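Engineer: Whatever this is, show me its structure:
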Amino acid sequence: MNSSGVWIHGSPDDVSSNNFTSNFVDGKPIYYYINETGLESKNFTNAGQIILVNCNNTVIENLDLSHSTVGILLYACKNNTVSGNTLNNNTFCGIYLVLSYNNTISGNFVNNSGLLFGISISYSGNNTIRNNSAYNNDVGIFMVECENNNVSGNIINNNRIHGIYLNGCNNSRFSRNTVNNNSKSGFYISNCHSNTFTNNTANNNNEYGIYLGSRPVFGWGIIGGCVNNKIRNTSVNSNGINGIYLISSNYTTISGNIVNNNTNYGIYLFDKCNNNNITENTVQNNNQIGIVIEGNCDNNLIYLNNFSRNEENARDDGNSNYWDNINIGNYWWDYTDIDTNDDGIGDTAYNIPGTAGSQDNFPIWWDAPVLYIAEPTMGQKFGSIAPACNISIVEGLGEYFWCEFLEIEKIINLTKLNGVANDNITGLIDQDQWKTLSNGNITIRFYCNDSRGYIVYIDVNVIKSVITDGGGDGNGDDSSKSDVFDTTIVMVIGLIVIAVAAFLVIGRTYVSRKGGIRKDTSNIKEYIKQREEIVEDDIILSKEKHFCLVHKGPIEGYNFICPTCGAYYCIRCVEAIKELENACWSCGKPLDPSLPTKTLEEEYDIKPIKDNDFK
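Structural biologist: So this is what the prediction gives:
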């Protein structure tokens, strides 16, 4: 027999009564064993076909069993191993198991079966089918009425109908299989219950990546259905009709799958699909709709999925389906509202198109904080003193604030925020970095992020204009008398100039600890003593609480910040100090860089003050 062989069919008694001797296929012997145990390679020398009936503990490996009806047939066999064989161009199928249990079929090449299947398993259980390749068959792996099988790591591509076909198979596990480029479905699953499909790949099939449910029978309509199956962590992409298609299937778990770029729908539930749980899937870029429910489908729960960039993300034409679990719903890339309190849930519901009128009441949404820049303003002009910033978070909760001069691209002013609504950031931008910048237009980029890493930034363009005594390049030191005032300070001084002038003309001053300005030409010593009593805790309190360093209390109205160290002063106190000596009580640097500092001890010939000078 050339390109033929033996095919057996019937009851165990029928097939056990056959007797084959001295038969050949393609010039190689056909081995037909009944009721044998422990067969091995020496029992299959130069085999053309192997048929075992009620044989146990046999090893069939590394043989070329091509061009027959069936390469290897196991009928009512247990505990056998079939591995590393090449079974190509057989008429019906490469490997065929019937009523067989606890067998291992691994590492075989089963391609180009003429009429039927690469590997066929019927009425069998507890078998392991792993790491086989099955190409260009009608069906790569065909399983009917099987229980508790483990099918893993197989490559089942380019078959003429389905990659893996299951009918009436229960309690089995399918993992790490690749079922791509098949003419109909990657997985075709009908009338199967309590199976688990995990970490498989079902891409580029002409119809469905995974078909799960009932099947049409001529004259009977649609019969069967699937219950309690799990499809997890599987790639179901670029299939010709739908990615995952459920019909009359109940209590299915579809979770953690990637379902992208399918021609019609990513996930489709049709005709009495009830009580299914669809969660944690990524459903993106499907040409029509991400997920569709229609045809009397009830009580399905859909949450924690990512629906993005589908032509339409979802449609619900079923009844009483739920798009959130009362605590959290799904991510919708076209959601248009905001998340004001940064709890990760949008402030309003997401409406699901379709006749059911469904809503996702807790849509997943998280947006970056929204900043309002009060200072500096666009186009504002500054001299040698770095710009002050006054920035509010008007929406969301910030975690960190920072900024940079784009000209030097160095992060500055990194600040841990309080994570509360309407947080505010004030202070001077890094003075040392400001000094390094040349005159001209400068872009300051202000950043803020939230706890999930969403970042917002706003660019503010300011102008640096510093004039040096020698007409240099604009980077003169901060003590130049010709430096241009920080325009912000000029504006503040302008508002209070009348009040300041009123008390300055009365005479010399010293500063009261209680926040006022007292005019008394005889109290220079007390002024100096008060200045020298400033301790580190006073300086820290001034900077952290924004208290005036002089009168050590809250500041009413406008404040002044030392451009060098950041100490805070009220306007009344700072103007008095600038009039007397123009030196910061914290760092001793000029409060107004355009004016000289004075030394009161030298000007008034006052010796170092001791405590008993005031007794």
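Engineer: What pLDDT is listed against the closest residue to F92 other than its chain neighbours?
Structural biologist: Nearest non-adjacent residue to F92, counting by CB to CB, 6 or more residues apart in numbering: L116, 4.8 Å away. The way it works is simple: take the backbone N, C-alpha and C, and place the C-beta from them, glycine included. The model reports L116 with a pLDDT of 86.
Engineer: thought L116 was touching D138?
Structural biologist: Yes: assessed by CB atoms under 8 Å, L116 is found in contact with D138 at 5.4 Å.
Engineer: quick one on the thing from earlier: residues touching the residue nearest to F92, list them.
Structural biologist: Contacts for L116 (CB atoms under 8 Å, 6 or more residues apart in numbering) come out as F92, C93, N137, D138, V139, F142.
Engineer: mind checking how far stretch 435-446 is from the chain centre?
Structural biologist: The chain centre lies 36 Å from the centre of stretch 435-446; the measure is CA atoms, centre = their mean, to the nearest Å.
Engineer: quick one: the nearest residue to D64 once chain neighbours are set aside from N108, how far?
Structural biologist: Take D64 and drop its neighbours on the chain: the residue closest to it by CB to CB, 6+ apart is T86, 4.7 Å away. With distances taken as CB to CB, to the nearest Å, T86 is found 7 Å from N108.
Engineer: What of A421?
Structural biologist: From A421 across to N108, the span is 65 Å (CB to CB).
Engineer: Over to K529: give its phi and psi.
Structural biologist: The phi and psi values for K529, taken as degrees, to the nearest 10, are phi -60, psi -40.
Engineer: okay, now it: neighbour count?
Structural biologist: 16 (other CB atoms under 10 Å).
Engineer: Could you do N177 as well?
Structural biologist: Neighbours of N177 (other CB under 10 Å): 28.
Engineer: Equivalent analysis for S465, please.
Structural biologist: 15.
Engineer: okay, it: pLDDT?
Structural biologist: 93.
Engineer: returning to what we had before: quick one: which of T86 and N108 has more around it?
Structural biologist: A direct count of neighbours by other CB under 10 Å for T86 and N108 places N108 higher, at 29 against 16.
Engineer: In three-state terms, how would N137 be classified?
Structural biologist: The three-state assignment at N137 reads coil, by DSSP: H, G, I helix; E, B strand; the rest coil.
Engineer: wait, it sits on F109?
Structural biologist: No: contact criterion CB under 8 Å: N137 and F109 do not qualify, at 11.5 Å.
Engineer: Please identify which of these two sits among more neighbours.
Structural biologist: N137 (30 against 18).
Engineer: Tell me how far that one lies from E395.
Structural biologist: Noted for N137: a distance of 59 Å to E395, by CB to CB.
Engineer: do the same with N341
Structural biologist: 10 Å.
Engineer: who's more crowded, those two?
Structural biologist: E395 (19 against 12).
Engineer: Next up, the contacts around that one.
Structural biologist: Here E395 is in contact with I338, T340, D367, P369, V370 (criterion: CB under 8 Å, 6+ apart).
Engineer: List the buried residues of stretch 282-293.
Structural biologist: Of the residues in stretch 282-293, T282, V283, Q284, N285, N286, Q288, I289, G290, I291, V292, I293 count as buried by neighbour count, 16 or more other CB atoms under 10 Å.
Engineer: Where does pLDDT dip in the protein?
Structural biologist: 1-22, 215-224, 468-525, 556-558, 600-615 (pLDDT under 70).
Engineer: Recalculate using a threshold of 50.
Structural biologist: 1-3, 217-221, 470-522, 608-615 (pLDDT under 50).
Engineer: ok, now which ones touch the nearest residue to I156 once chain neighbours are set aside?
Structural biologist: Nearest residue to I156 in three dimensions, chain neighbours excluded: G140, at 3.4 Å (CB to CB, 6+ apart). Residues near G140 by CB under 8 Å, 6+ apart: 110, 117-119, 134, 154, 156-157, 159, 162-164, 179, 182.
Engineer: Which of these sits closest to T128?
Structural biologist: N154 (11.0 Å; CB to CB).
Engineer: what's near enough to touch the closest one?
Structural biologist: I129, R130, N131, N132, S133, A134, G140, I141, N177, T178 are the contacts of N154 under CB under 8 Å, 6+ apart.
Engineer: and those residues, which of them are in strands?
Structural biologist: I129, R130, G140, I141 (DSSP state E).
Engineer: how many neighbours does the closest residue to Q288 other than its chain neighbours have?
Structural biologist: Excluding its sequence neighbours, the residue lying closest to Q288 (CB to CB, 6+ apart) is N264, at 4.9 Å. Counted with other CB under 10 Å, residues neighbouring N264 total 18.
Engineer: repeat for S392
Structural biologist: S392 has 16 nearby residues by other CB under 10 Å.
Engineer: One more: N112?
Structural biologist: 15.
Engineer: can you tell me how far it sits from I60?
Structural biologist: Using CB to CB, one obtains 20 Å as the distance from N112 to I60.
Engineer: again with S235
Structural biologist: In terms of CB to CB, S235 sits 33 Å off from I60.
Engineer: Which one of those two is surrounded by more residues?
Structural biologist: Between S235 and I60, counting by other CB under 10 Å, I60 is the more crowded of the two (27 against 19).
Engineer: and the more buried one, what does it touch?
Structural biologist: Taking CB under 8 Å, 6+ apart as the criterion, I60 is in contact with L39, F44, I50, I72, N80, T81, V82, S83, N85.
Engineer: Of the contacts of G140, which is the nearest to I247?
Structural biologist: Distances from I247 to the contacts of G140, taken by CB to CB, are shortest for H162, at 15.5 Å.
Engineer: Chain neighbours aside, what residue packs nearest to that closest one?
Structural biologist: Once flanking residues are discounted, H162 sits nearest to Y188: 4.3 Å by CB to CB, 6+ apart.
Engineer: In terms of secondary structure, what does the helix or strand that the one you found is a member of contact?
Structural biologist: Secondary structure assigned from DSSP states H and E places Y188 in strand 185-190. In terms of contact count using 3 or more CB pairs under 8 Å, 6 or more residues apart in numbering; DSSP states H and E, strand 185-190 is assigned the packing partners strand 162-167, strand 208-213.
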